[in-house]
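*Asks:* how does the following fold in three dimensions:
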Amino acid sequence: MGDIRTTDGENLPLTRNEKRRRLQWWLLGGAGLAVLLAIGGSLIHVRRYVRSPGYVTTENFAEVRPAVVGRVSKILVHSGMEVSQGQILVCLDSSEETAMLAEAQSQVRQLQAELARRKAEIADIRRRRTWNIREATYVLEDAQLNVQRIRNALNGEAASSGVSAELAALEAARGEVRKTRSQLARREAELAEAKRQLRWSKEEAGLVLENARSTASRTKQLVDAKLASATTLQEAQLRAQLAEVKLKALLDRDESIFEKELEVLRQELESRKNAVRRAEAQLRRRLAEAELQEKLATLRLKTLQEADLTIHDKELVVKHEELAAAQEVVNRMQAQIDAYNIRAPIDGQALRYEFVIGELVRPETVLAEIFGGDRQVLKLRVSERYATRVAPGQPYSAELAPYKGLQTVHFTGTVQYLRNVIQTEGQDTYRVAYCDFDQQGYTVPPGTTAEARIYYGTSSLWLYIFGLD
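*Replies:* Below you'll find the predicted structure:
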């Protein structure tokens with residue numbers, strides 16, 4: 001059996017098909033509404049901008065910061081003061097550096113004095129070298145002349161001053177040698193002739209003896225034959241005996257006497273030669289001494305001429321380099337001391353920050369600002385995240401701190417220049433945009449802070465809502 005339901009007059013429940021159709025109508029309506037909203041949001045355009053803080057400054061602007069760490073010793077600037085470029089604004093304590101500079105300057109003066117003294121010494125060394133070369137040249141020429149005189153004496157040439165005694169002894173010894181050699185030659189010739197005469201006499205005596213013996217033999221034969229007298233035989237035998245005695249006397253004659261006489265002359269000649277050798281040896285010793293003196297003079301002259309004078313030039317170069325290095329130290333210290341005098345980088349009006357004498361300041365400490373030039377500009381900081389969206393020529397709208405409130409004044413202009421350098425301050429990174437600025441008749445002192453919107457284009461409402469570009 002089925003269920004029985006009763007109602008109090010409400011609508012009957014929807015069937016399954018009716019529920020399905022209702023759901024479909026709701027889905028179609030929602031989709032249509034979404035399409036209408038999407039189309040509407042796409043058709044609605046919103047102007048996009050980048051928020052950038054900044055401040056109003058002059059055309060020429062500079063922050064005055066110390067280049068070194070130091071304590072303030074003098075304050076020469078006050079706010080509103082007109083300053084010129086290079087004017088000293090603040091002095092830092094540089095007593096220690098000044099003392100070091102005085103010491104470095106003293107070192108420079110000492111090196112200059114030493115360099116001047118060394119230059120004078122080197123000049124004197126070169127002058128003395130010139131005179132020594134001249135003196136060595138004269139000594140060498142004298143030694144060469146002395147050697148030549150001695151060589152001439154050894155060669156038997158004309159006597160020269162300084163060697164006349166030795167040359168006279170040598171010439172005397174040579175004369176004795178020539179004389180003894182002449183005597184020896186003459187005596188050799190005489191003795192050779194005497195030997196020839198003796199030889200001839202011996203041969204003659206031999207022939208005479210042979211003839212006498214032959215005559216005596218023939219005479220004996222004649223006597224035996226009764227053809228000659230006995231007296232004739234005796235005379236022939238006597239002549240043969242005489243010839244034999246003469247021949248024997250000639251044969252017994254001592255021929256060595258000739259050699260002995262020649263030997264005596266030869267010994268005398270050798271003695272004369274020894275005297276010549278001794279005289280020549282004496283001259284050669286003098287020649288050797290003179291040649292040694294010549295070599296020593298040549299060596300001394302060569303040593304003087306080849307002396308490396310560049311060592312003095314190199315020494316002076318080193319001295320100059322030392323002086324230049326010391327002078328560079330002085331220059332650096334002077335520049336460092338000058339860095340303790342903080343000067344105005346440009347002409348303009350100064351705005352002094354709060355600091356006192358004795359305060360320790362650092363390079364990141366801003367001591368003052370200087371505003372120069374007649375034209376004012378607006379300097380904005382564009383976050384690095386949006387830096388690529390900002391370009392020269394884009395408009396901006398700025399609100400200045402003194403003109404905010406119920407009647408906020410909006411100052412407008414355009415971006416003129418965008419620095420291509422990413423700057424950092426703390427954890428913020430940004431690029432600086434320089435914009436033209438119109439005061440619109442209001443008084444806007446330099447340094448006035450501003451909040452600006454730089455407009456870079458438009459996008460649909462939905463992109464703006466979701467932060468998409």
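*Asks:* hmm, what's the outermost residue in this protein?
*Replies:* Distance from the C-alpha centroid of the chain, by Cα atoms, centre = their mean, peaks at residue 226 (135.8 Å).
*Asks:* quick check, it in a strand?
*Replies:* No: secondary structure of residue 226 (DSSP: H, G, I helix; E, B strand; the rest coil): coil, not part of a strand.
*Asks:* any idea how far the closest residue to residue 144 other than its chain neighbours lies from residue 150?
*Replies:* Leaving aside its sequence neighbours, residue 144 sits nearest to residue 294 (Cβ to Cβ, 6 or more residues apart in numbering; 5.7 Å). C-beta coordinates here come from the backbone N, C-alpha and C atoms, glycine included. According to Cβ to Cβ, to the nearest Å, residue 294 and residue 150 sit 11 Å apart.
*Asks:* looking at these two, which one has more neighbours?
*Replies:* When residue 294 is set against residue 150 and neighbours are counted by other Cβ atoms under 10 Å, the residue ahead is residue 150, at 24 against 21.
*Asks:* give the contact list for the closest residue to the more buried one other than its chain neighbours.
*Replies:* Closest residue to residue 150 in three dimensions, ignoring its sequence neighbours and counting by Cβ to Cβ, 6+ apart: residue 287, at 4.4 Å. Applying Cβ atoms under 8 Å, 6 or more residues apart in numbering, one finds that residue 287 lies in contact with 147, 150, 151, 154.
*Asks:* next, give phi and psi for the third one.
*Replies:* In terms of degrees, to the nearest 10, the main-chain angles of residue 151 are phi -60, psi -40.
*Asks:* show me what contacts it?
*Replies:* When contacts are counted by Cβ under 8 Å, 6+ apart, residue 151 is found next to residue 287.
*Asks:* check the last one too.
*Replies:* Residues near residue 154 by Cβ under 8 Å, 6+ apart: 170, 280, 283, 284, 287.
*Asks:* one more: the first one?
*Replies:* Under the criterion of Cβ under 8 Å, 6+ apart, the contact partners of residue 147 comprise 287, 290, 291, 294.
*Asks:* got a pLDDT number for the residue farthest from the centre of the chain?
*Replies:* Among the per-residue scores, residue 226 holds a pLDDT of 75.
*Asks:* what about it, distance to residue 233?
*Replies:* Here residue 226 is placed at a distance of 12 Å from residue 233 (Cβ to Cβ).
*Asks:* re the thing from before, which one among the contacts of residue 154 sits at the bottom for pLDDT?
*Replies:* In terms of pLDDT, the weakest of those is residue 170, which scores 70.
*Asks:* give me the neighbour count for that one.
*Replies:* Burial of residue 170, expressed as a neighbour count using other Cβ under 10 Å, amounts to 24.
*Asks:* for it, what is the enclosing helix or strand?
*Replies:* For residue 170, the host element (DSSP states H and E) is helix 164-224.
*Asks:* for the residue nearest to residue 144, helix, strand, or coil?
*Replies:* When classified by three-state DSSP, residue 294 comes out as helix.
*Asks:* how close does it sit to residue 44?
*Replies:* Using Cβ to Cβ, we find residue 294 at a distance of 118 Å from residue 44.
*Asks:* all the strands of the stretch 351-469 of the chain, in order from the start?
*Replies:* With DSSP state E, counting those that start in this stretch as the definition, the stretch 351-469 of the chain shows strands at residue ranges 360-361, 368-383, 395-400, 410-418, 423-425, 428-436, 449-460.
*Asks:* so what touches the first one?
*Replies:* This points to strand 360-361. Contacts to strand 360-361, defined as Cβ under 8 Å, 6+ apart, come from residues 66, 69, 70, 71, 72, 92, 355, 367.
*Asks:* how about the contacts made by the first one?
*Replies:* Residue 66 makes contacts with 90, 92, 339, 342, 361, 362, 363, 365, 367, as judged by Cβ under 8 Å, 6+ apart.
*Asks:* so which of the contacts of residue 154 belong to helices?
*Replies:* With helices identified by DSSP state H, the entries of the contacts of residue 154 that belong to them are 170, 280, 283, 284, 287.
*Asks:* against residue 177, how distant is the third one?
*Replies:* Note on residue 283: its distance to residue 177, by Cβ to Cβ, is 15 Å.
*Asks:* surely residue 346 meets residue 370?
*Replies:* Yes: counting by Cβ atoms under 8 Å, a contact exists between residue 346 and residue 370, whose distance comes to 5.7 Å.
*Asks:* which residues do these two both contact?
*Replies:* In contact with both residue 346 and residue 370: residue 62, using Cβ under 8 Å, 6+ apart.
*Asks:* show me which of these two is the more surrounded one.
*Replies:* Neighbours were counted for residue 346 and for residue 370 using other Cβ under 10 Å; residue 370 has more, 26 against 17.
*Asks:* dump the residue contacts of the more buried one.
*Replies:* Taking Cβ under 8 Å, 6+ apart as the contact definition, residue 370 lies against 61-64, 83, 344-351.
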